[in-house]
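Participant: how would this look folded up:
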Amino acid sequence: MAERSALHTAAAVRSGDKTAAQVCDETIARIETRDGELNAVVVRDFDRARATARALDKRIATGFDAPLLGVAMTVKESFDVAGLPTTFGFEEHRGFVAQTDAVAVTRLKNAGAIILGKTNVPPSLADLQSNNPVYGRTNNAVDPSRVAGGSSGGSAVAVAAGMVPLEFGSDIGGSIRVPAAFNGVWGHKPSWGVLPADGHYFPGTDSARTVLSVVGPLARDGDDLAATVDIVADHPLAPAPRRTPGEWRVLLLTGHPLAKVQGSIVAALETLGEAFARAGGTVDRGSGLLPDLERQHAGYWQLLNVALSRRLPPGAAPETSLETWHQLHDEQARNLRQWRRLFERYDAVIAPTVGMTAFAHDDTPLAERRLDIDGEDTQFFHQFVFPGLATFPMLPATSVPIGRDGDGLPIGVQVIADAFADHTAIAVARAAHEVTR
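Facilitator: Next comes the predicted model:
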């Protein structure tokens with residue numbers, strides 16, 4: 001898209017090339033023009049945004065500056081924004097209105113961002129498409145007959161369609177990475193615990209943060225991701241090593257023992273590996289240091305289902321004993337140790353974000369849903385093995401676009417790095433994007 005990135009927008013406001021009010025009006029105009037059949041920005045707060053922009057221009061005139069100065073953006077519907085509804089896609093929560101901002105939203109505002117509204121999700125944030133009884137269906141930005149991804153589907157579409165330069169979502173089962181991949185934009189799942197999740201609550205609750213779940217940004221380039229992670233983070237993160245594409249050490253995974261991968265995605269990964277190798281980088285396609293991926297997925301799937309069952313009515317989910325809970329966390333700790341030993345040899349692991357490009361809209365219940373991947377009928381939920389690669393060991397992962405399939409749909413891959421090496425994940429993703437352009 002020709003529109004400025006978030007950091008370029010802030011630079012334009014800082015230099016006086018644009019006012020915050022102009023940026024706000026232009027962004028609103030893009031939403032009103034482009035959102036139509038996409039249905040991404042489902043909660044709109046344009047009047048308050050315009051007032052905020054005018055107030056910000058007065059502060060700028062007296063010397064105020066900030067990293068996201070005058071950047072007009074949206075956030076995922078599941079984040080509390082004072083005065084706006086938070087429904088998680090449930091009809092019964094349509095009337096819930098947040099009284100305070102989520103911590104991430106507060107930090108974005110303090111950094112100079114103007115929040116225009118909120119973007120669509122599936123019910124309970126529990127699907128790789130975004131359709132619910134409150135706001136309806138969000139369509140893919142590249143091909144509206146395909147899914148937007150989920151659960152940050154509206155987030156990715158708003159960015160991909162050029163409506164906003166920056167978004168903020170959440171991820172427990174690929175909910176940032178998959179919609180980013182489906183729509184051809186960037187998304188970052190941070191290391192667990194680094195970015196605050198307060199205010200990303202199920203409507204009307206104030207529980208402890210959900211195990212495995214993180215919050216993070218989506219954008220059209222890596223610089224915006226890196227800056228936004230630092231703005232929102234509770235703790236400083238180490239910068240990435242300064243390296244050329246030929247200096248990175250990469251382990252390339254093109255498949256998984258439990259799930260099929262579309263041939264065009266495998267081909268794109270192989271092309272990426274060859275490009276890194278031509279540049280002089282270290283590219284391996286296997287390693288004895290890699291954890292047992294089947295065992296890892298078994299632990300991830302069990303812990304994920306425990307995490308998601310917190311939102312079900314009493315008696316609706318199987319009980320988990322305290323001993324089982326401890327065993328799951330022990331298994332998670334062992335898995336993380338294995339990954340960290342692997343990262344002593346490699347800077348990053350590059351793998352499918354998910355094993356297919358955006359699929360056609362399908363309202364079949366998740367447990368019954370099937371996928372046709374290159375003519376083979378497969379179980380849909382097997383695809384969660386790929387998001388789980390980084391989620392179970394709580395590692396950072398950056399989803400980056402590297403090509404298109406035969407139907408013109410975006411192909412995104414995830415770059416996984418060591419715990420708290422978030423900027424390394426983003427830096428290797430930048431290199432991947434560079435060598436495949």
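
Participant: mind showing which ranges of this structure have poor pLDDT?
Facilitator: Filtered on pLDDT under 70, the chain yields the residue ranges 1-2, 311-317.

Participant: ok, and the closest non-adjacent residue to the residue nearest the centre of it?
Facilitator: Nearest to the geometric centre of the chain sits I176, at 1.8 Å (Cα atoms, centre = their mean). The shortest distance from I176 to any residue other than its chain neighbours is 4.1 Å, reached at G187 (Cβ to Cβ, 6 or more residues apart in numbering). Where you see a C-beta, it was placed from the backbone N, CA and C, and this is true even at glycine.

Participant: quick one: the residue nearest to the centre of the chain from H188, how far?
Facilitator: Separation of I176 from H188 (Cβ to Cβ, to the nearest Å): 7 Å.

Participant: Stretch 216-226: which residues count as buried?
Facilitator: Counting neighbours by 16 or more other Cβ atoms under 10 Å, one finds that the buried residues in stretch 216-226 are 216-226.

Participant: the helices in the stretch 151-300 of the chain, which residues?
Facilitator: Listed from the start of the chain, the stretch 151-300 of the chain has helices (DSSP state H, counting those that start in this stretch) covering 153-160, 177-183, 222-232, 263-278, 293-309.

Participant: For G246, find the nearest of those.
Facilitator: Between G246 and those, the shortest separation by Cβ to Cβ is 7.6 Å, and it involves helix 263-278.

Participant: Give me the neighbour count for G36.
Facilitator: Using other Cβ atoms under 10 Å, G36 has 12 neighbouring residues.

Participant: State the distance from it to A53.
Facilitator: Plainly put, G36 is 24 Å away from A53 if you go by Cβ to Cβ.

Participant: again with W325
Facilitator: Relative to A53, W325 is positioned 47 Å away (Cβ to Cβ).

Participant: the more surrounded of the two?
Facilitator: It is A53, of W325 and A53, that has more neighbours when counted by other Cβ under 10 Å, with 23 against 13.

Participant: so the more buried one is in which element?
Facilitator: helix 46-61 (DSSP states H and E).

Participant: what pairs with the helix or strand following that helix, and is each one parallel or antiparallel?
Facilitator: Beyond helix 46-61 on the C-terminal side, the first helix or strand identified by DSSP H and E is strand 72-76. Paired strands of strand 72-76, with direction, are strand 114-119 (parallel) (DSSP bridges).

Participant: so the partner strand versus helix 153-160, what angle?
Facilitator: Relative orientation of strand 114-119 and helix 153-160, computed by axes from the mean of the first three to the mean of the last three Cα atoms, to 10 degrees: 130 degrees.

Participant: Give the buried residues for stretch 45-61.
Facilitator: Using 16+ other Cβ under 10 Å as the test for burial, stretch 45-61 gives 45-46, 48-50, 52-53, 56-57, 60.

Participant: Mind putting those into a markdown table with distance to V211?
Facilitator: Output for the buried residues of stretch 45-61, formatted as a markdown table (distance: Cβ to Cβ, whole Å):
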| residue | distance to V211 |
| --- | --- |
| D45 | 31 |
| F46 | 37 |
| R48 | 34 |
| A49 | 34 |
| R50 | 40 |
| T52 | 35 |
| A53 | 38 |
| L56 | 37 |
| D57 | 43 |
| I60 | 41 |
